[in-house]
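Chemist: Turn this into a model:
(chains A, B and C)
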Amino acid sequence: MKLVDHFQYGLNSPICLTWELTYACNLSCAHCLSSSGRRDPRELSTAEAKGVIDELQRMQVFYINIGGGEPTVRPDFWELLDYSIDSGVGVKFSTNGLKIDKQRAAQLANTDYVDIQISIDGATPEVNDYVRGPGSYDMAIRALENLAEAGFAQPKISVVMTRQNVDQLDEFKAIADKYGAQLRITRLRPSGRGADVWDELHPLPSQQKQMYDWLVERGDQVLTGDSFFHLSAFGEALPGLNLCGAGRVVCLIDPVGDVYACPFAIHENFLAGNVRDEGGFQKVWQSSELFTELRQPQTGGACRSCMHYDSCQGGCMAAKFFTGLPLDGPDPECVRGFGEQALAARGEDHVIPKSEVDHSRTKLGKKAPVLLQLSMGRPDRACETSPLAGMGASETDSGLRLPVAGS
Amino acid sequence: MAPIEQSEQVEDAPVVEETLVEEVSIDGMCGVY
Amino acid sequence: MSTRSAESAGAAGVGDFDPGAPYRCSPQVSLRPEPFGALVYHFGTRKLSFLKTLPLVEVVKGLEHHPDVHSAVEAAGVEEAQRPAYLKALAGLAASGTIEAR
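Modeler: Model (predicted):
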């Protein structure tokens, strides 16, 4: 039996998992899957975070992908990084480059078993900054320069593929090559703020084919995080497990300790429990109702009769959920067009689920064009590290209002 | 798909070559960054 | 990858596997038993392997306790007819650096 067939027995522990360390972020990317921006007052303390690492070590979780928000915004980030590595839990962290100065780059080059992933969504400042904000391209490139100069071997560049950057695939590869990095491309999902810009940014059907063809021809050293398995229906399956790992192989721990099936599914529908509950993370992983349900053999539902179901597996659960499609039907971007049909077939009064978990600094209505969204907030400056900066009445007023006794 | 079962009398080479080891990149699973 | 771990990934070539020699699991590897076999993660190469049978897991875990690969395979109770397949799998694990000569 292939590994995928064994998932019905469940795994004792995740293979790896995403851990969003904080909802605070210096940027306000238009498509942020975790709707990050402001720190949550209930975020895990340093001690609690170390407790989680201890648990992951006992469970022999091999690797954690630390993200956020911007994880390096947490003052204890470096301490937690070292703690995890010393405990034998490998770390990859995802960053917009904010804190990767020459000193940190040198320190990282001397650290075992750490991978770094720099987020960039355009091969040019124009394309990148449109979704990630002014100055974000320069910040990412600077981080790559610092890492290359320090001799850090093979950082990763992670690109969310959008309608606007599909034509830049070769240029992304060139940037990666230039800085000795490995290119990683991933799928845009209508998750978090991604829901608000999905219509404008998600790749067109012809572009999906373009991405697939590019991966087949030039994707040999390119990582995808297995996020394009829905494209496998175009032909030969792409490398990877080619299935949804949510709640079966991977999961998310969020900044307040909530455990979700997947970082693209931050919604109470996909909330399995909390690491602060009795039994901790292990109990959630091994016995939560949600995960037990997700580990049931999939029947395929409406996709059952499609000849491509074996490789496509009905696509992405989060993509279906956040476009208001049934989970047992086609993916909204089904390459055979069944997703478009399903979207058109949604009733007049269909409801698109919206997560209550939103730490965005400025909350705009849906469907606001990306450029408008970015210009509504104050300009993000790379040196501004406080996620509360600019929210208050003056330069010295951060805007944080703590409850006062008697009030 | 389950491999085709063989009767123990058959001396021929296995109909289905089952590998004992499967390899995948740590990046090869959907649901992490 | 950080430079130190990249340098120490060092895997043997396919032709180097010698089942008459003593082997062991690489110290850079984490082996995690599962109901169906085991997951094996190599911290240096970032490669994840699935050992798909419990006897193979026995063999890999037992390598360091046996004078050579053959005896580890025998001790795990692998049927004679299966041994060529097992040796082939072990050669692959040596090539990927999961197991190494000691």
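Chemist: Please enumerate the strands of chain C.
Modeler: Ranges of strands in chain C, per DSSP state E, are C:23-25, C:29-34, C:37-42, C:47-51, C:99-101.
Chemist: same question, the stretch 201-350 of chain A
Modeler: Secondary structure of the stretch 201-350 of chain A by DSSP state E, counting those that start in this stretch: the strands cover A:252-253, A:258-260, A:271-274.
Chemist: if we can go back for a sec, tell me which of the strands of chain C sits nearest to A:Q182.
Modeler: Proximity to A:Q182, assessed across these by Cβ to Cβ, is greatest for strand C:47-51 (14.1 Å). Heads up, the C-betas are built off the backbone N, CA and C, glycines and all.
Chemist: report the angle between the axes of that closest one and strand C:29-34?
Modeler: 40 degrees (axes from the mean of the first three to the mean of the last three Cα atoms, to 10 degrees).
Chemist: Quick check: bridge partners of the residue in chain C that chain A sits nearest to?
Modeler: With Cβ to the nearest Cβ, the shortest gap between chain C and chain A falls at C:Y41, namely 4.0 Å. Per DSSP bridges, the residues bridged to C:Y41 are C:S30, C:L48.
Chemist: since we're on it, how many residues are nearby?
Modeler: Counted with other Cβ atoms under 10 Å in any protein chain shown, residues neighbouring C:Y41 total 23.
Chemist: hang on, the earlier thing: dump the strands of the stretch 201-350 of chain A to CSV, plus mean neighbour count, mean pLDDT and distance to A:L81.
Modeler: Output for the strands of the stretch 201-350 of chain A, formatted as CSV (neighbours: other Cβ atoms under 10 Å in any protein chain shown; pLDDT from 0 to 100; distance: least, Cβ to Cβ, whole Å):
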stretch, mean neighbour count, mean pLDDT, distance to A:L81
strand A:252-253, 28, 98, 16
strand A:258-260, 24, 98, 21
strand A:271-274, 20, 98, 23
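Chemist: With distance to chain C as added columns, please give the ones you listed in CSV.
Modeler: Converted to CSV, those look like this (distance: least, Cβ to the nearest Cβ, whole Å):
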stretch, distance to chain C
strand A:252-253, 19
strand A:258-260, 20
strand A:271-274, 20
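Chemist: and the ones you listed as TSV, adding distance to C:E74?
Modeler: Shown next, in TSV, are the strands of the stretch 201-350 of chain A (distance: least, Cβ to Cβ, whole Å):
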stretch	distance to C:E74
strand A:252-253	44
strand A:258-260	44
strand A:271-274	44
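Chemist: Turn the strands of chain C into CSV, including distance to A:R104.
Modeler: CSV is the format used below for the strands of chain C (distance: least, Cβ to Cβ, whole Å):
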stretch, distance to A:R104
strand C:23-25, 34
strand C:29-34, 27
strand C:37-42, 26
strand C:47-51, 28
strand C:99-101, 34
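Chemist: out of those strands, nearest to A:K2?
Modeler: Per Cβ to Cβ, nearest to A:K2 of these: strand C:47-51, 8.9 Å.
Chemist: My guess is the residue of chain C closest to chain A contacts A:V61. True?
Modeler: No - the pair C:Y41 and A:V61 does not pass the contact test of Cβ atoms under 8 Å, sitting 9.7 Å apart.
Chemist: Please enumerate the shared neighbours of these two.
Modeler: A:I15 (Cβ atoms under 8 Å, 6 or more residues apart in numbering or on different chains).
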